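Asker: Just a sequence and a predicted model for now, questions to come.
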Amino acid sequence: MDTKIIGQGYNLDADTSVGKELIELFNSKRYDTFTCLVAFASYGGISALTPYIMREKERGVKIKVILGVDQKGTSKEALEEVLSWGVESKIFHTQSVNIFHPKIYLFENTDIFTLIIGSNNLTTMGLVKNIECALLIKDAKGAHSVHNDFYIYWKSILDGTESNLYTITQELIDLLFADKIIVTESERADRYDNGRDQITSASKKSITFNGAKLQRNPSGYSPKRRQVKAKRITQTANPTNPDQPIISVSNESLSVNGEEVLIAEIGGGPRWKQVNFPVEIFENFFGAERGNNSYNIELINIAQNGSLGDIEIRQAVSVKSHNYRFEIRCTETEGAYPGDSKRPIGLFVKLDNNKFLYQILLSNYPAYNNIRKFLYRESKVKRKDELRRYIVHIEAIHALYPELIV
């Protein structure tokens, strides 16, 4: 018997994760059966495995997926992606207070098996980024093996005779969604915020905790881009009435490639549409270079009604006074600056290296207070009047602001 601990998310130099192990096991092509029993699944976690599942399915590998849907931990999009695999897939669900909570991944062939059991859900956070731990066991099959014990204990679930198993179909997904047993991918992330203390201001926080770096995705782990569906509103000149431009509305779908969102307070002044950033954000988030004013980014504004504006080509500007800025133009920046006590907050969602969605939140907008509380809690400043900026994973924005179209 071979065993090893798979640590994840803590010792980043080790570069180990269950996601990485799964990819290596799929790529080994040594196994003819893959089975998983997992509590929660996200679209990112499922879609990252899609190319491997489809390839192994084509190779004749027997695949069985059994998922839980308790506590809104599995999204509608995740189940629809599993359905697209065209493999044996079911959910386990009951009305009882206890929940379906295993995290088991099993690879088998005629002679040997590899079993991974740990804390890792089928989500990108669970497979790669969270601080998790699992045990990998590789051994020969036999009457006294762990493999045999596994099949004895889970017999009814594995052979399909368990009455609380339901085959995943589009009809089932729609019913689960209608009954609010499963939610959208954005709403799924919101559960991570449940139970958080209601802190009304940063001054009421008793303990300040440090941040921590996230583990990078391993080679070959590539979740599908999340599709953003929105309406684009454009204006064109009206040749018959110059005072009334022609407004057209079209549906559009954008791909979100990155996972980062910049939350940024915006400073005041009569030209507050010119937004300054620290050089680290200017270079590392926006991809600009100090002193190079030839670099451009593409910005697309998200209006409060969720519609998209035109693509704005914005020049990166850095000056000798150590100001590093981009200009933004939207409905909010056309008005007067609301004051330092009600600083506007910008959300910049990375679509790709130099492409970003952005939205400006004013103090009377519904999402403003939630975002501001989070920003003041998580960001660190050296001066009381310093503008606050913080870069977060897109899942955090889903939890704070589920109405945002990303």
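Answerer: The structure has been received and is ready for your questions. Numbers count the residues shown, from 1 in each chain.

Asker: so Ala288 sits right up against Tyr324, yeah?
Answerer: Yes - counting by C-beta atoms under 8 Å, Ala288 does reach Tyr324; the two are 7.1 Å apart. Where C-beta positions appear, they are placed from N, C-alpha and C, glycine not excepted.

Asker: so who does Lys138 touch?
Answerer: By C-beta atoms under 8 Å, 6 or more residues apart in numbering, Lys138 lies in contact with Met1, Asp2, Thr3, Ile112, Phe113, Thr114, Leu115.

Asker: Identify the contacts common to Ala288 and Tyr324.
Answerer: What both Ala288 and Tyr324 touch, as defined by C-beta under 8 Å, 6+ apart, is the set Phe282, Ala316, Ser318.

Asker: Distance to Asn353, pLDDT and secondary structure added to these, as CSV?
Answerer: What follows is these, written out as CSV (distance: C-beta to C-beta, whole Å; pLDDT from 0 to 100; DSSP: H, G, I helix; E, B strand; the rest coil):
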residue, distance to Asn353, pLDDT, secondary structure
Phe282, 14, 94, helix
Ala316, 13, 94, coil
Ser318, 18, 91, strand
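
Asker: just to revisit the earlier point, in strands only, show me the contacts of Lys138.
Answerer: Using DSSP state E, Asp2, Thr3, Ile112, Phe113, Thr114, Leu115 are the members of these that sit in strands.

Asker: any weak-confidence spans in this protein?
Answerer: Residues of the chain meeting the criterion pLDDT under 70: 186, 189-205, 225-236, 245-259, 321, 395, 405-406.

Asker: Centroid-wise, who is the farthest residue in it?
Answerer: Distance from the centre of the chain peaks at Thr240, with 47.2 Å (C-alpha atoms, centre = their mean).

Asker: I'd assumed it was in a strand, is it?
Answerer: No - counting by DSSP: H, G, I helix; E, B strand; the rest coil, Thr240 is not part of a strand but coil.

Asker: now it: how far from Leu127?
Answerer: 58 Å (C-beta to C-beta, to the nearest Å).

Asker: before we move on, back to that, and which of the ones in strands among the contacts of Lys138 is nearest to Tyr151?
Answerer: Set against Tyr151, the nearest of these by C-beta to C-beta is Phe113 (10.1 Å).

Asker: The closest one contacts Leu106, correct?
Answerer: Yes - with contact defined as C-beta under 8 Å, Phe113 reaches Leu106; the gap is 6.4 Å.

Asker: Can you tell me the SS state at Ser89?
Answerer: strand.

Asker: Run through the bridge partners of it.
Answerer: Counting by DSSP bridges, Ser89 forms beta bridges with Val65.

Asker: Ala48: which element?
Answerer: Ala48 is located in helix 43-58, with elements delineated by DSSP states H and E.
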